[in-house]
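Participant: Prediction below, plus the sequence it came from.
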Amino acid sequence: MTKMMYRDAVLTTIAEEMERDENVVVLGEDVVGGMGTPGGPEAIGGIWSTSTGLFGKFGAARVIDTPISESAIVGAAAGLALSGKRPVAELMFADFIGVSLDQIWNQIGKFRYMFGGKTKCPAVIRMAYGAGYNAAAQHSQAVHQMLTGMPGLKVVMPSTPADVKGLLRQAIRDDDPVIFLEHKALYGVTGDVPDDKDFTIPFGHARLSRAGEDVTIVSTGLLLGFCEAVADKLAAEGIGCDVIDLRTTSPIDEETILDSVEVTGRLVVVDEAPPRCSLASDICATVANKAFASLKAPPQAVNPPHTPVPFARELESAYLPSADKIEAAVRKVLSYR
């Protein structure tokens, strides 16, 4: 194990996979030079410092700076993938996915299906998402609920540096298109990461980060840490919480969620997306449909309000699900006897 930051787990995994497979290429805005000379000592490798040094090591043929055009980035990734490469494309902010939706939704997500399984599109589209940076309405959104609803895409949301490494390596080696969502407020989080250069985490396998028999809490990304803090607090009162980190939203690990609810009888889903048509709504509906007889209380969803993300620090704090809101939802489901 090596301790490293979330952002360094991204960089290290990409570098290791580029060393292993010459078909792995990187493209995106500012992935080469950042603030300094391309590939030079001052280069930060993009705004999130997740491609630092790659240009100097692998050269211009494999680390490609692009125009500020998300549609061009994703379109180029699609073409590279169809021609035998394994592109890792970076969209600097997930908020601007809208201009590349045709390429994502109608192209890379459908190639295998439309061509009867005779082709593959192993493209990884990385995006920084989420609030918590006071970056306002156009640079703070969670978009996973929209992408999860698009058939043909695999959607990944790692919460820890170790999961970044295992899931990103799995994504790069996968023969289907993968949307890899990195919460920008997690880039500086540090954790133990396996040194094994073949360490992967299969998609559709959730992680149980806390165990208990009273309430099931489901989340991912930044908010998972809030859920863990609530579970730790309640454990001191003798209340046990299963905290499930989804890791991937498509495919989703229904079995782990349903098995947990069959024991606890109570469900709280914490989601950074707005409430309408959200991942939380989908999971609550799934549990109500498939584990209704096990429920002792109505499932609870903890979401932001159905508004754009506010800019002001105080308003953004009020907008996001918090430990207090999660705890209130847990105590609400516990109030049913």
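Facilitator: Arrived safely. If you're wondering where the values come from, they're calculated on a predicted model, not measured in any experiment.
Participant: all helices of this structure, in order?
Facilitator: 6-20, 54-58, 70-82, 101, 111-114, 144-148, 161-173, 223-235, 254-264, 279-290, 313-319, 323-334 (DSSP state H).
Participant: Would you mind finding the most buried of the ones you listed?
Facilitator: helix 161-173 (a mean of 24; mean count of other Cβ atoms under 10 Å). Backbone N, C-alpha and C define where each C-beta goes, glycine included.
Participant: So which elements touch it?
Facilitator: Secondary-structure packing of helix 161-173 (3 or more Cβ pairs under 8 Å, 6 or more residues apart in numbering; DSSP states H and E): helix 6-20, strand 86-91, strand 124-129, strand 154-156, strand 178-183, strand 190-193.
Participant: Report the angle between that helix and strand 178-183.
Facilitator: Using axes from the mean of the first three to the mean of the last three Cα atoms, to 10 degrees, the inter-axis angle of helix 161-173 relative to strand 178-183 is 160 degrees.
Participant: hmm, who's touching helix 161-173?
Facilitator: Outside helix 161-173, the residues that touch it by Cβ atoms under 8 Å, 6 or more residues apart in numbering are 4-6, 8-10, 12-14, 16-17, 21, 24, 86, 88, 122, 124, 154, 156, 158, 178, 180, 182, 189-194, 198-203, 207, 245, 247-248.
Participant: Show me the protein divided up by domain.
Facilitator: Using automatic domain parsing, the domain parsing of the chain gives 2-193, 207-334.
Participant: Turn those into a markdown table, including mean pLDDT.
Facilitator: Shown next, in a markdown table, are the domains of the chain (pLDDT from 0 to 100):
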| stretch | mean pLDDT |
| --- | --- |
| domain 2-193 | 92 |
| domain 207-334 | 96 |
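Participant: these two touch, right, residue 139 and residue 91?
Facilitator: No. The pair residue 139 and residue 91 fails to qualify as a contact (Cβ atoms under 8 Å) at a distance of 11.9 Å.
Participant: More neighbours: which of those two?
Facilitator: Neighbours were tallied for residue 139 and for residue 91 using other Cβ atoms under 10 Å; the higher tally belongs to residue 91 (23 against 20).
Participant: From residue 154, how far out is that one?
Facilitator: The gap separating residue 91 from residue 154 is 16 Å, by Cβ to Cβ, to the nearest Å.
Participant: Ok, residue 328 next?
Facilitator: 34 Å.
Participant: same thing with residue 132?
Facilitator: 25 Å.
Participant: These two - which one has more neighbours?
Facilitator: Using other Cβ under 10 Å as the criterion, residue 132 and residue 154 rank with residue 154 on top: 22 against 17.
Participant: mind listing what the closest residue to the more buried one other than its chain neighbours touches?
Facilitator: Nearest residue to residue 154, sequence neighbours excluded (Cβ to Cβ, 6 or more residues apart in numbering): residue 178, at 4.6 Å. Contact partners of residue 178, counting by Cβ under 8 Å, 6+ apart, are 123, 124, 125, 153, 154, 155, 156, 171.
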